[in-house]
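Chemist: Please work out how this folds:
(2 chains)
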Amino acid sequence: NAGVTQTPKFQVLKTGQSMTLQCAQDMNHEYMSWYRQDPGMGLRLIHYSVGAGITDQGEVPNGYNVSRSTTEDFPLRLLSAAPSQTSVYFCASSYSRDRGHEQFFGPGTRLTVL
Amino acid sequence: GQQVMQIPQYQHVQEGEDFTTYCNSSTTLSNIQWYKQRPGGHPVFLIQLVKSGEVKKQKRLTFQFGEAKKNSSLHITATQTTDVGTYFCAGPGAGGTSYGKLTFGQGTILTVHP
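Modeler: Down below sits the predicted model:
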């Protein structure tokens, strides 16, 4: 199993550009989440999903969209990049709460917005 | 909304000294999880505590869950340079699809001086 994979590993955008961060998992996990990590701020939840077709907002959803058409994939879309979105983005997946809920994280995407 | 506070934010120790990080939630938690993130890496699951007053050990690491299930601690005995990293606690949401999200503490950055 590859676990949780994220692409790209690094990305530089100009203000106003849009892009999609890809996330995939091959563990048949129901739950998937996107976090951003900034110095001193810990991991802040952007959006999460409890199954295909079901998504919900986390703590910092503005400027980001998600969809979950399959169990495996959970892409994160930046609609119009801003310098405040410079961060490290982690995707994570887990079984449902009743099955342990341990989160498996991907390696992260380092995004810089100029 | 649910808040998870973690202290201290930074801890510098000499190799061989003990280390403790504390986690406090604004709400009662059904469980609490602990993660470790090595510098430049992604968070990795350490343990989950579920029961009131639960204590679990992993070699030199001792995890406790408070009686009221609103606080937790991680204690490392005789730190080693391999313990360097950021330690996070995380608690799940309650009710409906909130089960799918975790709220992370800000993390404690541990530095171990040889």
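
Chemist: check which helix or strand covers the residue most central in space within chain B.
Modeler: Closest to where the C-alpha atoms of chain B average out (Cα atoms, centre = their mean) is residue B:89, at 3.5 Å. According to DSSP states H and E, residue B:89 maps onto strand B:85-92.

Chemist: Now the spatially most central residue of chain A. Nearest residue, chain neighbours left out?
Modeler: Centroid-nearest residue in chain A, with Cα atoms, centre = their mean: residue A:34, separated by 2.8 Å. Nearest non-adjacent residue to residue A:34, counting by Cβ to Cβ, 6 or more residues apart in numbering or on different chains: residue A:46, 4.4 Å away. Every residue, glycine included, has its C-beta placed from N, CA and C.

Chemist: so what pLDDT did the one you found get?
Modeler: Per-residue pLDDT puts residue A:46 at 95.

Chemist: In terms of pLDDT, where does the residue nearest to the centre of chain B sit?
Modeler: pLDDT, residue B:89: 96.

Chemist: which residues are contacting the helix or strand of chain B with the lowest mean pLDDT?
Modeler: Using mean pLDDT, DSSP states H and E, strand B:102-104 stands out as the lowest-scoring helix or strand of chain B, at a mean of 88. Strand B:102-104 is contacted by residues A:33, A:35, A:42-45, A:59, A:101, A:103, B:1-4, B:33, B:35, B:88-93 when judged by Cβ atoms under 8 Å, 6 or more residues apart in numbering or on different chains.

Chemist: returning to that earlier point: elements contacting the strand holding residue B:89?
Modeler: strand A:42-51, strand B:4-7, strand B:19-25, strand B:32-37, strand B:71-76, strand B:102-104, strand B:108-113 (3 or more Cβ pairs under 8 Å, 6 or more residues apart in numbering or on different chains; DSSP states H and E).

Chemist: what's the neighbour count on the nearest residue to the residue nearest to the centre of chain B once chain neighbours are set aside?
Modeler: Distances taken as Cβ to Cβ, 6+ apart put residue B:23 closest to residue B:89, at 3.5 Å, once the chain neighbours are dropped. Residue neighbour count, defined by other Cβ atoms under 10 Å in any protein chain shown, stands at 29 for residue B:23.

Chemist: ok, residue B:23 - contacts?
Modeler: With contact set as Cβ under 8 Å, 6+ apart, residue B:23 has these partners: B:4-6, B:32, B:71-74, B:89, B:105.

Chemist: where's it relative to chain A, distance?
Modeler: 11 Å (Cβ to the nearest Cβ, to the nearest Å).

Chemist: Tell me the bridge partners for that residue.
Modeler: Under DSSP bridges, the beta-bridge partners of residue B:23 are residue B:6, residue B:72.

Chemist: Correct me if wrong: residue B:84 contacts residue B:37.
Modeler: No: applying Cβ atoms under 8 Å, one finds residue B:84 not in contact with residue B:37, separated by 10.4 Å.

Chemist: Those two: which is more packed in?
Modeler: residue B:37 (20 against 16).

Chemist: Check the gap between the more buried one and residue A:43 for me.
Modeler: Separation of residue B:37 from residue A:43 (Cβ to Cβ, to the nearest Å) stands at 9 Å.
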